[in-house]
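Asker: What follows is a predicted structure for the sequence shown.
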Amino acid sequence: MAKVLKFPANAAADVSPPLPSIRFNQFLPYYAVFQADVRQILQSWIYRLWVLLSIGAVIGFLMYRFGAKQVAGFVQPAPEMINDLFQWIVWGSVTLIIVLTSGTICGERGTLADAVLCRGISRIQYFLGKWHARVAVILGTYFILALTTVIASSLLLHTASLDLLGALVAVVTVAALLLMIITCGVTVSAIANTTVVAITVVWMALYGVGFMLSFLPSDYPSPDRALQTLPEVLKGYYNAHMVNRFLLGSVGASTMMAVVGMFCFSYKDV
Amino acid sequence: MAESPSDLVVETYKLTKIYQNRQIALNDVTLRLEPGTVLGLLGHNGAGKTTLLRLILGLHRPTAGWVKMFGQTMTPNAAALRRRMGYIPTNPQFPPGMTPISYLDYIARLFGIPAEVRKPRLASLIRAVDLLNVSGDKIDGFSNGMTARLAVASSLINEPELLIWDEPTHGLDPEGRRSILDLIKTLAREKSIIVTSHNLSDIDEVCNHAAVLSSGHMIYCGTLSDLKGRMRKCQYDLDLDGDQKAITKLFNAVKGMQEFKMVNLRQRRLELRLGDEANLASSLANVLMTIADNKVTLVSVRSSGQQTEQAFLDLVEQEESRGFARAYHPNADAA
């Protein structure tokens, strides 16, 4: 039964005593948004769908390859299998990751964002809290999935050519790629007015930038080339300088996108 | 009176908001709110009330003009200024899956209030708004009254100096509405408050100042008593009973009296408006005599409508009738 709104006689007395001089914690609003957003992502059906599909695909793929090895005796080299799975994670998950990130801010505009941004929090803190939450959850989930895949592959498949350090480099390379996708999604979501527009813009931006980067000379790192070299990286054949350049480039590009997103969001109506 | 601009709680100057060059939501609004003021913001739907509040809160950026809160310019990143304000939107939204305790804790953390202060504070607020027995339940299943109480608690968690409540009685039953109005009266003793409401009797009851917006333009800003003083006087409603033919005959008789500018009959209610020169006592005496002559029973006589409501409607009507003249003397009616 609906309760009527009733303030007891002493309600005003309860709410009115002045607070002692408070030393406000400047970090707390950021952390509150970060924590609430992490909880929100973990409860979202898109995230759960992504995790379930990824786990299902990894288990199915590994079981199939393991079965081929056991039953027919086909050699199943782990680097090729892991590469296939990483490629799947990037290309197969990218749609769900874009959907998961593109509604981060614009999906709450006019509703929940109001309830947060009318409090003692700046737009920059709000953006950072949201961005870091998405990065932490998606990359955290990815690292768990990827490392489990590497460990399971090394146990079930032919690991003669698999280099553990190379596998770690491959995992980090794909993570750098995902970091850019996540940041792009959150940035566009801070600028766009609706989730549908944000998803469209992110897709176009990713395809457009990827296409343009493929025209760069071969000594420049690009997402496309980074994915193509994964089988060799998993075997331990990689150019550390190129990997570093790619990782730094990814972090730099993500930071730049985030700064643009923060700047635009600071000047935008919610 | 505030001695300097920094003493003002809210100050806006020529505040204008145009959405995407398509809609003029607010036009040239200048407002000064002194500490201790309880301002009722009036206006029809789409008059720009919520836009003005969102500009004050820094949720929107002005297209032109500026907003100062406590003497400092409000921007979307002015978190320190928003720490001194408490806001309730028209339809408060709550994150899914939260309980009153976790929600108030979340809001308090958004203000940067440390745990040793916010935990006792949220506990006393939950008790104050009578949500103690549902403090562990999810907000998703709460009634309108319960969410309103939670919204009130969340707007008070930071002990703000200025409260901005956008239609706080919206969707509440009479008892809930009464509680909110009583709370506003209590809080008004030590805080500045801006309240919007479509129910003008609410404004009449709790506010000492009023601002009237019409199509994004502020047509009045001043004390509520001044606003009431502007209303057309000498307008009365007479509730009658008896034979409908006799009432109609009475209506025709009164309609023939020169001292009345307007005479309407709505079923059994006779609406009268006296002319400017008419003598109130003798005019009403004539009407009462006519009622008696026609053997109609007089049930009640009262000054028509709520005073504030009438004054508001008159103001809007006058503003609209000015037509192009509004462009030449835009602030003529603003106090």
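Answerer: Structure received.
Asker: Nearest to chain A: which residue in the stretch 151-300 of chain B?
Answerer: B:Gly176 (3.2 Å; C-beta to the nearest C-beta). All C-beta atoms are positioned from the backbone trio N, CA, C, and that covers glycine.
Asker: Please identify the nearest residue in space to residue 150, excluding sequence neighbours.
Answerer: Going with chain A. A:Ala167 (4.8 Å; C-beta to C-beta, 6 or more residues apart in numbering or on different chains).
Asker: that's the wrong chain, I meant chain B
Answerer: In space, B:Leu150 is closest to B:Pro100, 5.6 Å off (C-beta to C-beta, 6+ apart).
Asker: before we move on, the earlier item: for B:Pro92, see how far away the residue of the stretch 151-300 of chain B closest to chain A is.
Answerer: According to C-beta to C-beta, to the nearest Å, B:Gly176 stands 14 Å off from B:Pro92.
Asker: more crowded one of these two?
Answerer: B:Gly176 (24 against 21; other C-beta atoms under 10 Å in any protein chain shown).
Asker: Flag every residue of the stretch 51-200 of chain A that's near chain B.
Answerer: By C-beta under 8 Å from any C-beta of the partner chain, the residues of the stretch 51-200 of chain A that approach chain B are A:111-112, A:114-125.
Asker: With respect to pLDDT, which of those residues ranks lowest?
Answerer: Taking those together, the minimum pLDDT is found at A:Thr111 (80).
Asker: surely it meets B:Pro92?
Answerer: No: using C-beta atoms under 8 Å, A:Thr111 is not in contact with B:Pro92; the gap is 10.0 Å.
Asker: separation between B:Phe111 and chain A?
Answerer: The spacing between B:Phe111 and chain A, counted by C-beta to the nearest C-beta, to the nearest Å, is 4 Å.
Asker: ditto for B:Arg121
Answerer: If you go by C-beta to the nearest C-beta, the gap between B:Arg121 and chain A works out to 7 Å.
Asker: Quick check, pLDDT for the residue nearest to A:Val150.
Answerer: 89.
Asker: List the buried residues in the strand or helix carrying it.
Answerer: In this assignment (DSSP states H and E), A:Ala167 forms part of helix A:164-191. By 16 or more other C-beta atoms under 10 Å in any protein chain shown, the buried positions in helix A:164-191 come out as A:166-167, A:169-191.
Asker: quick one, strands of the stretch 151-300 of chain B?
Answerer: Here the stretch 151-300 of chain B has its strands, by DSSP state E, counting those that start in this stretch, at B:162-166, B:192-196, B:209-214, B:217-223, B:235-241, B:260-266, B:269-274, B:297-303.
Asker: Give me the most central residue, chain A.
Answerer: Note on chain A: the residue nearest the mean C-alpha position is A:Ile138, at 3.7 Å, using C-alpha atoms, centre = their mean.
Asker: Report the secondary structure state of that residue.
Answerer: helix (DSSP: H, G, I helix; E, B strand; the rest coil).
Asker: Nearest residue to it in space, ignoring adjacent ones along the chain?
Answerer: Nearest to A:Ile138 is A:Ile182, by C-beta to C-beta, 6+ apart, at 5.6 Å.
Asker: How many residues are close by B:Tyr106?
Answerer: 22.
Asker: That one: helix or strand, and which one exactly?
Answerer: Going by DSSP H and E, B:Tyr106 is part of helix B:100-110.
Asker: could you dump whatever helix or strand comes next after that helix to PDB, C-alpha only?
Answerer: The element immediately downstream of helix B:100-110 (helix or strand, assigned by DSSP H and E) is helix B:115-128. In PDB, the C-alpha atoms belonging to helix B:115-128 read as follows (Å, rounded to 0.1, in the frame of the first residue of the first chain):
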ATOM      1  CA  ALA B 115      31.900   9.100   5.900                       C
ATOM      2  CA  GLU B 116      32.100  10.300   9.500                       C
ATOM      3  CA  VAL B 117      29.600  13.100   8.600                       C
ATOM      4  CA  ARG B 118      27.500  11.500   5.900                       C
ATOM      5  CA  LYS B 119      26.600   8.300   7.700                       C
ATOM      6  CA  PRO B 120      24.900   9.900  10.800                       C
ATOM      7  CA  ARG B 121      23.400  12.500   8.500                       C
ATOM      8  CA  LEU B 122      21.800  10.100   6.100                       C
ATOM      9  CA  ALA B 123      20.500   8.000   9.100                       C
ATOM     10  CA  SER B 124      18.800  11.000  10.700                       C
ATOM     11  CA  LEU B 125      17.300  12.100   7.300                       C
ATOM     12  CA  ILE B 126      15.900   8.600   6.600                       C
ATOM     13  CA  ARG B 127      14.300   8.800  10.100                       C
ATOM     14  CA  ALA B 128      13.100  12.300   9.400                       C
END
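Asker: list the helices and strands helix B:115-128 packs on?
Answerer: If you count contacts as 3 or more C-beta pairs under 8 Å, 6 or more residues apart in numbering or on different chains; DSSP states H and E, helix B:115-128 packs onto helix A:11-15, helix B:100-110, helix B:144-156.
Asker: Touching, B:Ala128 and B:Ala153? I think so.
Answerer: Yes: under the criterion of C-beta under 8 Å, B:Ala128 makes contact with B:Ala153 at 7.1 Å.
Asker: still on that earlier bit, now do the same contact list for the residue nearest to A:Val150.
Answerer: A:Ile82, A:Val150, A:Leu234 (C-beta atoms under 8 Å, 6 or more residues apart in numbering or on different chains).
Asker: quick check, nearest of these to chain B?
Answerer: Of the contacts of A:Ala167, the one sitting nearest to chain B (C-beta to the nearest C-beta) turns out to be A:Val150, at 34.2 Å.
Asker: so where does that closest one fall, helix or strand?
Answerer: Judged by DSSP H and E, A:Val150 forms part of helix A:123-156.
Asker: Low-confidence bits of the stretch 101-250 of chain B, can you list those?
Answerer: B:229-234 (pLDDT under 70).
Asker: what does it have sitting close to chain A?
Answerer: Counting by C-beta under 8 Å from any C-beta, the positions of the stretch 101-250 of chain B adjacent to chain A are B:106-107, B:109-114, B:117, B:121, B:124-125, B:127-130, B:143-146, B:148-149, B:153, B:156, B:158-159, B:172-173, B:175-177, B:179-180, B:182-183, B:186-187, B:190.
Asker: helices or strands next to the helix or strand A:Val259 falls within in the packing?
Answerer: Under the criterion of DSSP H and E, A:Val259 resides in helix A:240-266. Other elements packing on helix A:240-266 under the criterion 3+ C-beta pairs under 8 Å, 6+ apart are helix A:123-156, helix A:164-191.
Asker: again, only this time at 10 Å
Answerer: helix A:123-156, helix A:164-191, helix A:195-213, helix A:223-228 (3 or more C-beta pairs under 10 Å, 6 or more residues apart in numbering or on different chains; DSSP states H and E).
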